[in-house]
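Q: Sequence first, predicted model second:
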Amino acid sequence: MSGTKYEVVDTHCHLDFKNFNKDRDEVIKRALGAGVTTMINSGIDLKTNRKSLELARKYDFVFATLGLNPNGLSETTDEDVEATLDQIRSHAKEIVGVGEAGLDYYRCPDQKGRDRQREVFRKVVGLAKELDLPQVIHARLAEDEAFDMVKDLNKVVFHCYSGTVGTMREAVDRGFYISLATVVCKSAQHQVLARQVPLDLLLIETDSPFLSPKKGRNEPAYVLESLNLIAKIKDLPPEEVAKATTANAKRIFNL
Ligand SMILES: [Zn+2]
């Protein structure tokens with residue numbers, strides 16, 4: 001690695017998604033070239049969990065978290081849910097976290113669907129506790145409720161945190177980690193959060209292929225764009241933000 005680059009971790013991406021089928025190796029090469037030394041690939045269901053494990057086995061700098069995303073739960077049966085929980089449990093030694101999982105009220109306006117999300121998330125949280133692994137939370141318009149449901153856990157990461165500053169403060173008071181996605185480059189709300197999140201509990205991520213800071217598909221190399229912007233917002237040298245967020249990622253995910 002050249003001396004001008006920082007070692008950074010993209011703590012949340014979906015490199016297994018079909019958006020990368022044509023050029024996955026190139027994307028990974030660009031990430032490594034940009035200084036992204038570690039990528040955490042997040043599964044969202046049975047199929048993507050399997051693919052996340054495959055990626056983690058193939059590349060020693062890719063780690064997997066296995067989860068069960070709240071979106072799409074209306075089409076899953078209780079058997080599907082149990083099968084996914086069993087899958088996570090049986091691969092517990094190979095993974096660095098449980099998730100993404102949580103509550104997405106933005107995409108689910110109806111009460112019945114939200115009840116289902118809570119029921120499933122409660123099970124996932126129980127599993128994260130049982131396995132003593134970090135719980136990676138996906139929450140949209142439901143950050144405070146998700147926070148209430150994980151209060152018993154010691155290791156929690158709010159992936160792409162988009163809630164209020166108030167809930168963020170309560171979360172960091174418990175030692176929970178706040179991960180800011182590359183959406184920070186475009187969103188005033190996330191820039192306010194970036195200023196307020198304490199450096200010792202801050203993580204950075206792309207959520208690739210989503211939330212690109214540019215037009216089109218996102219990719220792990222772009223995490224550097226958030227790093228530079230967050231450094232500017234916090235009035236710190238980028239190197240210091242890189243050092244802190246990388247140390248934080250290694251600590252919480254035990255990398
Ligand atoms: Zn994600």
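A: Looks like it came in fine.
Q: Just the element for the closest residue in space to Phe17 that isn't next to it in sequence, please.
A: Using Cβ to Cβ, 6 or more residues apart in numbering and skipping the chain neighbours, the partner closest in space to Phe17 is Pro209 (5.6 Å). Heads up, the C-betas are built off the backbone N, CA and C, glycines and all. Assigned by DSSP states H and E, Pro209 belongs to neither a helix nor a strand.
Q: which residues does Pro209 contact?
A: His14, Phe17, Asn19, Phe20, Arg217, Asn218, Glu219 (Cβ atoms under 8 Å, 6 or more residues apart in numbering).
Q: before we move on, what about Pro213?
A: With contact set as Cβ under 8 Å, 6+ apart, Pro213 has these partners: Thr182, Val183, Cys185, Lys186, Tyr222, Glu225, Ser226.
Q: repeat for Ile252
A: Pro134, Lys155, Val157, Tyr177, Leu203.
Q: ok, these vs Leu66, which is closest?
A: Pro134 (11.9 Å; Cβ to Cβ).
Q: what does the stretch 101-250 of the chain put close to the ion?
A: Taking Cβ under 5 Å from the ion as the contact definition, the stretch 101-250 of the chain meets the ion at Asp207.
Q: The residue in the stretch 101-250 of the chain that the ion sits nearest to: how many residues sit nearby?
A: Using Cβ to the ion, the single residue of the stretch 101-250 of the chain nearest to the ion is Asp207, 4.7 Å away. By other Cβ atoms under 10 Å, the residues close to Asp207 number 23.
Q: Contacts only, for whichever residue of the stretch 51-200 of the chain sits closest to the ion.
A: With Cβ to the ion, the shortest gap between the stretch 51-200 of the chain and the ion falls at Glu100, namely 5.2 Å. Contacts for Glu100 (Cβ under 8 Å, 6+ apart) come out as His12, Ser42, Gly43, Ile44, Thr65, Gly67, Asn69, Val136, Ile137, His138, His159.
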